[in-house]
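Chemist: Show me the folded form of this:
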Amino acid sequence: MTGKVGANSILADLVTQLAVPELAAAAPKMGLKQSVWKPLCDLSEELDSRPSNALKQITDAKAAIQKQTIAAKQAEIYAAPRDGTTLAAAAAAVAAAHYNTKVNQGLTRLKTATAKEATQNAGSTAYLKVLIDEWLNIMVQNKQAGNHGCLLNANGDDTAPGSTGQIDGQRCKLKLSLVQEHNDTTAELTQLGFPKLLTKLGSADADQDDNYQCALTSGHSTSGMGTAAALSGAVKFIDGYIVAPVSASPLTITDLSIIDSSKATDHPAWHAAWAAAKDKKGANDAAYQNSTGDITNKDGVSELVKLVYLQKADAEATEVQNELAKYFGKHTEDKWKELNKKIHDFEIPEKVAGLRAQTKVGEITDTPKLLAILAYYQLQGTNKLLKLKEDLEAEKAKHASSAKIEPENVCNEIGDKNETVCAKTPGCHFVSTNSEGKNSTLTKETEKKQENKQGISKTRMKR
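Modeler: Below is the predicted model of the structure:
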């Protein structure tokens, strides 16, 4: 019994082995199924959007800077008619300083980083797309009647037809689009690498077909790119993603699902595109964003308070906070918002800078218009100062002129009949019997002082 059972077991094993054949290796020199080329088409389409997004990042950064510029001018307009003499004007000056600081930060960031990042992103992704597109374009054209074709359909039972903007019905336009501002997608190229690309050929005919030959997948002399002999070295396509060997072995595919610095040497185009995308901040950079929180911590505020209001560069944080509280009531975010609401609601009269109706300054976002309004208020302030200066000069001249009137003229101007005023004027007295009829005249003491002062003989007062 034991021997019979053992024999039956061996027979069962043999039947199982015959029924389930060993999986074969991938086929050499054969066409590639959709599982190989479609992810490349999808990546090509995504890369096509990157230059347009690079332009959008620059445009968005400029728009953020412009928004800060507008906010600064609005705050300056709010402060201008208050002549810097009120707490509200001082608070508005703080706000304007913050927004002007953000403008400077944004311009600096745009010049030193954002524009460079966008250019690198656009250039590296466009270059990688060109490498992919050229390979796909060559492969899709490499076919002939019968069993020759390099790109196959999903089942591998026919060549993949190329048409305008498509390969076998899959979107794959194989050209760069015109650069226009729009967002990009990040499904094919991520912070980690290129996760949707095939990482290696599957076994047997999983990704190739054994009926359709493709000489471009091998450097061998038989049915490959070699003629009398194999090529001198393996042929690398798409910056080394696909490698056609010189032997009769299947081609190899590089795993690019995760990119790091180790890929920079052998796959520089892939590494450059990944690095540029990974490092991209664009308009999301903090330099372009509004800061929130305590007023003390807003860019440019503490520096202004220390250097201008306190005139103490090494002032402590508490000193700055106390100073800000004088102007804002408190140094908290809610007070900052309150001020910005007041600035927004400040009414600009009709006809100022060509306005057709009274308008809230917060509703005016045209920079030239805001500059004209600011100039109007600055001119009003200048004219006011000039008028004050003129009035002061006139008052000084008046006092200077009064100081030069001789005592005798003072008495003379009182007249011959106003005895009451004469009696109240120092140095004068009223003599109704004066032979010359000049009743208001100098007292004897004043006459003596005048003689001593002028060094001349006594004279009579004249009208």
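
Chemist: Quick one: the strands in the stretch 1-150 of the chain, in order.
Modeler: In the stretch 1-150 of the chain, the strands defined using DSSP state E, counting those that start in this stretch lie at 30-32, 143-144, 148-149.

Chemist: So what's the gap between the longest one and the chain middle?
Modeler: Right, the one you point to is strand 30-32. Between the mean C-alpha location of strand 30-32 and the chain-wide mean there is a distance of 48 Å, by CA atoms, centre = their mean, to the nearest Å.

Chemist: check contacts around the most centrally placed residue in the chain.
Modeler: The C-alpha lying nearest the average C-alpha coordinate of the chain belongs to residue 61 (CA atoms, centre = their mean; 2.7 Å). Contact partners of residue 61, counting by CB atoms under 8 Å, 6 or more residues apart in numbering, are 106, 109-110, 114, 282-283, 285, 288. (Glycine included, C-beta is placed from N, CA and C.)

Chemist: So residue 216 versus residue 386, what's the distance?
Modeler: Spatial separation of residue 216 from residue 386 under the definition CB to CB, to the nearest Å is 84 Å.

Chemist: Looking at the two, which has the bigger crowd around it?
Modeler: residue 216 (20 against 10; other CB atoms under 10 Å).

Chemist: show me the contacts for the more buried one.
Modeler: Residues in contact with residue 216, defined by CB under 8 Å, 6+ apart, are 138-139, 142, 150, 225, 244.

Chemist: Write the ChimeraX selection for whichever of the residues you listed are buried.
Modeler: Below is the selection syntax for ChimeraX that covers the buried ones among those, with 16 or more other CB atoms under 10 Å defining burial:
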select :139,142,150,225,244
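
Chemist: which one of the contacts of residue 216 is nearest residue 197?
Modeler: Distance to residue 197, by CB to CB, is smallest for residue 139 among those, at 15.5 Å.

Chemist: Point out the one among the strands of the stretch 1-150 of the chain that comes closest to residue 332.
Modeler: For residue 332, the closest of the strands of the stretch 1-150 of the chain is strand 30-32, at 63.9 Å, according to CB to CB.

Chemist: Show me what the closest one is packed up against.
Modeler: In terms of contacts (3 or more CB pairs under 8 Å, 6 or more residues apart in numbering; DSSP states H and E), strand 30-32 is packed against strand 208-213.

Chemist: show me where pLDDT drops low in the chain?
Modeler: Counting by pLDDT under 70, the chain contains low-confidence residues at 1-27, 83-85, 399-418, 423-424, 427, 429-430, 432-463.

Chemist: Inside helices: which ones of the contacts of residue 61?
Modeler: Applying DSSP state H to the contacts of residue 61, the entries found in helices are 106, 109.

Chemist: Using TSV, lay out the contacts of residue 216 together with distance to residue 168.
Modeler: Putting these into TSV (distance: CB to CB, whole Å) gives the following:
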residue	distance to residue 168
138	16
139	12
142	14
150	12
225	24
244	22
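
Chemist: Let me know the closest of the contacts of residue 216 to residue 187.
Modeler: Closest approach to residue 187 among these (CB to CB): residue 139, at 23.3 Å.

Chemist: residues contacting the residue lying closest to the closest one once chain neighbours are set aside?
Modeler: Spatial nearest neighbour of residue 139, chain neighbours left out: residue 150 (4.2 Å); criterion: CB to CB, 6 or more residues apart in numbering. Counting by CB under 8 Å, 6+ apart, residue 150 touches 31-32, 138-140, 142-143, 159, 214, 216-217.

Chemist: again, only using 6 Å
Modeler: By CB atoms under 6 Å, 6 or more residues apart in numbering, the contact list for residue 150 reads 31, 139, 142, 214, 216.

Chemist: and residue 69, how many neighbours does it have?
Modeler: Using other CB under 10 Å, residue 69 has 19 neighbouring residues.

Chemist: now do the one 3 residues further on
Modeler: Using other CB under 10 Å, residue 72 has 20 neighbouring residues.

Chemist: doesn't residue 97 make contact with it?
Modeler: No - the pair residue 72 and residue 97 does not pass the contact test of CB atoms under 6 Å, sitting 8.3 Å apart.

Chemist: any idea how this structure splits into domains?
Modeler: For the chain, the domain assignment from automatic domain parsing gives the residue ranges 30-279, 297-400, 406-454.

Chemist: highest average neighbour count across these?
Modeler: Ranked by mean neighbour count, the domains of the chain are led by domain 30-279 with a mean of 18 (mean count of other CB atoms under 10 Å).

Chemist: Does the nearest residue to residue 353 once chain neighbours are set aside fall in a helix, a strand, or a coil region?
Modeler: The spatially closest residue to residue 353, leaving aside those adjacent along the chain, is residue 372, at 3.7 Å (CB to CB, 6+ apart). State at residue 372, reduced to three classes by DSSP: H, G, I helix; E, B strand; the rest coil: helix.

Chemist: From residue 32, how far out is the residue lying closest to residue 162 once chain neighbours are set aside?
Modeler: With CB to CB, 6+ apart as the measure, residue 140 is the residue that lies nearest to residue 162, at 4.1 Å, once sequence neighbours are left out. Noted for residue 140: a distance of 11 Å to residue 32, by CB to CB.

Chemist: Ok, residue 224 next?
Modeler: For residue 224, the distance to residue 32 equals 15 Å [CB to CB].

Chemist: Helices of the stretch 1-150 of the chain, residue ranges please.
Modeler: Along the stretch 1-150 of the chain, counting by DSSP state H, counting those that start in this stretch, helices occupy 2-19, 34-79, 87-109, 115-141.

Chemist: How about the stretch 151-300 of the chain?
Modeler: Taking DSSP H, counting those that start in this stretch, the helices of the stretch 151-300 of the chain run over residues 268-279.

Chemist: Show me the strands in it, by range?
Modeler: Using DSSP E, counting those that start in this stretch, the strands of the stretch 151-300 of the chain run over 162-163, 166-167, 170-171, 208-213, 235-237, 242-244, 252-253.

Chemist: which one of those strands lies closest to residue 188?
Modeler: Judged by CB to CB, the one of these that comes nearest to residue 188 is strand 170-171, at 12.5 Å.

Chemist: for that closest one, packing partners?
Modeler: Identification of packing neighbours for strand 170-171 by 3 or more CB pairs under 6 Å, 6 or more residues apart in numbering; DSSP states H and E yields helix 34-79.

Chemist: How far away from the center of its chain is the helix it packs on?
Modeler: Per CA atoms, centre = their mean, the centroid offset for helix 34-79 relative to its chain is 9 Å.
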